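Asker: sequence first, predicted coordinates after that:
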Amino acid sequence: MKAHNKWLTAPLAAGLAAALLSGCGEEKSGDAGGSSGSVTVGMSDEVLATDPAAGYDPGSWLLFNNVFQSLLSFPKGASVPQPEAADKCGFDQGGSKVYRCTLRDGLKFSNGNPLTSEDVKFSFERALKINDPAGPAPLLATIDKIDTPDDKTVVFTLKVPDATFPSKIASGAGSIVDHREYKDGELREDGKAVGSGPYKLDSFTEGEAVFSPNPDYRGTAKVKNGGVTLKFFHGDRKALGTALQKGDIDVAYRGLAAADIAEIQATDTSAENEIEVIEGSSAEVQHLVFNVDDPVVGKLGVRKAIAYLVDRDALVTNVHRSTTTPLYSIIPAGIVGHNTAFVNEYGDQPQPEKAEQALRSAGIDGKVKLTLWSTPSRYGPSTDEELKAIAKQLNTSGLFDATVKSVEFSQYEKDIQAGKYGVYVKGWVPDYPDPDNFTQPFFGEGNVLDNNYENSKITGTLVPRTAATADRTAAGEDFGKLQDLVAEDLPVLPLWQGKQYAVARDGITGLEWTLDASTVFRFWEIKKG
């Protein structure tokens, strides 16, 4: 997703194509809600949509994951989806083109309406029909048709074999809406949301969203609080930190930089107002992207020289204060298929001699003049600092004359699509924790990088073959080949893999279960008092 967004433990089990995923029990939110006090969470991200057919950003998916149900969901700490609104799901025997789900008994929306297979079919077809530019329709593009032989059965027939389909529909893209409440072909724009998830959306304003436990919820989540108020700080990190220190919020999520966290810890030392930093795993990544049609970095020798010179360890330590880890592959650590292709090709320490050799072999004798493009309005204030540090590393070698320019995100995206930039940065928060989500969007047809790179072996063979392999572990070899090809061709240079952080006041527990590679921030796991 989300070249913004919205990444493990067990890989998909062998034989998933033939196996059925069975439900793991059921919770009624009304039995658990109110077991502790309400929690106030502050966030610097925006929630751009309350309609699942439109939202494709981390803030919106946070709302979707708590208000709506999907057929499947990712249990805490897991990378394999399990039944949620469904009682069981699985591919028909012998393939990965027909996917069949049976719904749980007694499903209801928060307005009391029953949830049936008609709503599931309507939700997916509606998202595809609306095809909003900011929506999740691309994740559902492999759906050919949806049949509902009865009220509890949904059968998806896919255009091509797609072993990642269960993970895709376990994401925010699989949110189920009430066909009586949402119009076919039109987005809902009244700021309301009616789902069947663990929470109801009571109100949504520019300043906050208020959620309460949904007493009609039937699913796997057990709500451990009396409700959640999500306060929006609209990118104002200082205000977010101040609110946490003053006790106006219980939790700060998505928005505090490493320096902010350190400052809060240093200034708030009173025992009664203890503040705790909770760290979790993440598959968020950031890459330096090269436009392979650019007159400068279109030359492989220039890209190789950059790869030999970038010091990821220094970036992680000096810029990100160890809130990230160096990344040397397209698929991050913790995801099936991860390797270290870029270490094998370019090493893990700067090698200026090899950088110079790469330039000379390309017929380049003088300094290479280069502009690195940044957009902190999208990827955070440290983005400029990071690219300036990279420029300094390149210039210190004596081989480059690199500078950094920064623009607003809307202009940034337009200029990239117009081919105006040679080198730019792209961040990625995965839609689901599968290697496909780090390869197909970057190197498949119509990829999100807009860097004019194409490798026919990747697009014609490796991407389709990995997508069709139900046993994700068995696909590891092909994912390795794909990463090796990318390291050789260098259309991108991986920089770092993120960590997730939440900062909480004393008395808040359960946050460790909201920070994992699925990127699902589970309101129901947070307990106060």
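Answerer: Structure received. All values derive from a computational prediction rather than experimental measurement.
Asker: low-confidence ranges in the protein?
Answerer: In the predicted model, the chain carries pLDDT under 70 at residues 1-35, 258, 262, 264-273.
Asker: where's the residue of it most remote from its centre relative to Leu359, distance?
Answerer: Here the chain reaches farthest from its C-alpha mean at Asp365, the gap being 41.6 Å by C-alpha atoms, centre = their mean. Noted for Asp365: a distance of 8 Å to Leu359, by C-beta to C-beta, to the nearest Å. (Each C-beta comes from the backbone N, C-alpha and C, glycine too.)
Asker: quick one: the residue lying closest to Gly398 once chain neighbours are set aside from Val223, how far?
Answerer: Distance criterion C-beta to C-beta, 6 or more residues apart in numbering; nearest residue to Gly398, sequence neighbours excluded, is Lys367 at 7.4 Å. Computed as C-beta to C-beta, the Lys367 to Val223 distance reads 60 Å.
Asker: check Ala127 too.
Answerer: Taken as C-beta to C-beta, the span from Ala127 to Val223 is 27 Å.
Asker: neighbour count: these two, which is higher?
Answerer: Val223 (31 against 24; other C-beta atoms under 10 Å).
Asker: got the contact list for the nearest residue to Val492 once chain neighbours are set aside?
Answerer: Distances taken as C-beta to C-beta, 6+ apart put His287 closest to Val492, at 4.4 Å, once the chain neighbours are dropped. The neighbours of His287, taking C-beta atoms under 8 Å, 6 or more residues apart in numbering as the test, are 425-428, 492-495.
Asker: which single one of the residues you listed is nearest to Ala517?
Answerer: Nearest to Ala517 among these, counting by C-beta to C-beta, is Trp428 at 13.0 Å.
Asker: neighbours around the closest one, how many?
Answerer: Residues near Trp428, counting by other C-beta under 10 Å, number 25.
Asker: for it, give the beta-bridge partners.
Answerer: Trp428 forms beta bridges with Val285, as assigned by DSSP bridges.
Asker: my read: it touches Val289, true?
Answerer: No: between Trp428 and Val289 there is no contact under C-beta atoms under 8 Å: 10.6 Å.
Asker: ranges for the strands of the stretch 201-350 of the chain?
Answerer: Remark: strands assigned in the stretch 201-350 of the chain by DSSP state E, counting those that start in this stretch are 208-213, 218-219, 228-232, 251-253, 275-280, 285-290, 324-326.
Asker: of these, which is nearest Leu511?
Answerer: Judged by C-beta to C-beta, the one of the strands of the stretch 201-350 of the chain that comes nearest to Leu511 is strand 275-280, at 4.4 Å.
Asker: that closest one - contacts with which helices or strands?
Answerer: helix 258-267, strand 500-505 (3 or more C-beta pairs under 8 Å, 6 or more residues apart in numbering; DSSP states H and E).
Asker: that strand: how far from the chain's middle?
Answerer: 20 Å (C-alpha atoms, centre = their mean, to the nearest Å).
Asker: report the buried residues of that strand.
Answerer: Residues 275, 277-278, 280 are the ones in strand 275-280 that count as buried (16 or more other C-beta atoms under 10 Å).
Asker: can you redo those as JSON lines, where the extra columns are distance to Arg237?
Answerer: As requested, these are exported to JSON lines (distance: C-beta to C-beta, whole Å):
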{"residue": "Ile275", "distance to Arg237": "15"}
{"residue": "Val277", "distance to Arg237": "15"}
{"residue": "Ile278", "distance to Arg237": "18"}
{"residue": "Gly280", "distance to Arg237": "19"}
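Asker: looking at the residues you listed, spot the one nearest Gly55.
Answerer: Gly280 (22.5 Å).
Asker: not counting sequence-adjacent ones, nearest residue to that closest one?
Answerer: The shortest distance from Gly280 to any non-neighbouring residue, by C-beta to C-beta, 6+ apart, is to Leu515 (2.3 Å).
Asker: and Ala243, by the same measure?
Answerer: Ile249 (4.7 Å).
Asker: neighbours of that neighbour, how many?
Answerer: That count, for Ile249 with other C-beta under 10 Å as the rule, works out to 25.
Asker: coming back round to it: ok, now which ones touch the residue nearest to Gly280?
Answerer: Contacts of Leu515 were listed using C-beta under 8 Å, 6+ apart, and they are 278-282, 500-502, 521.
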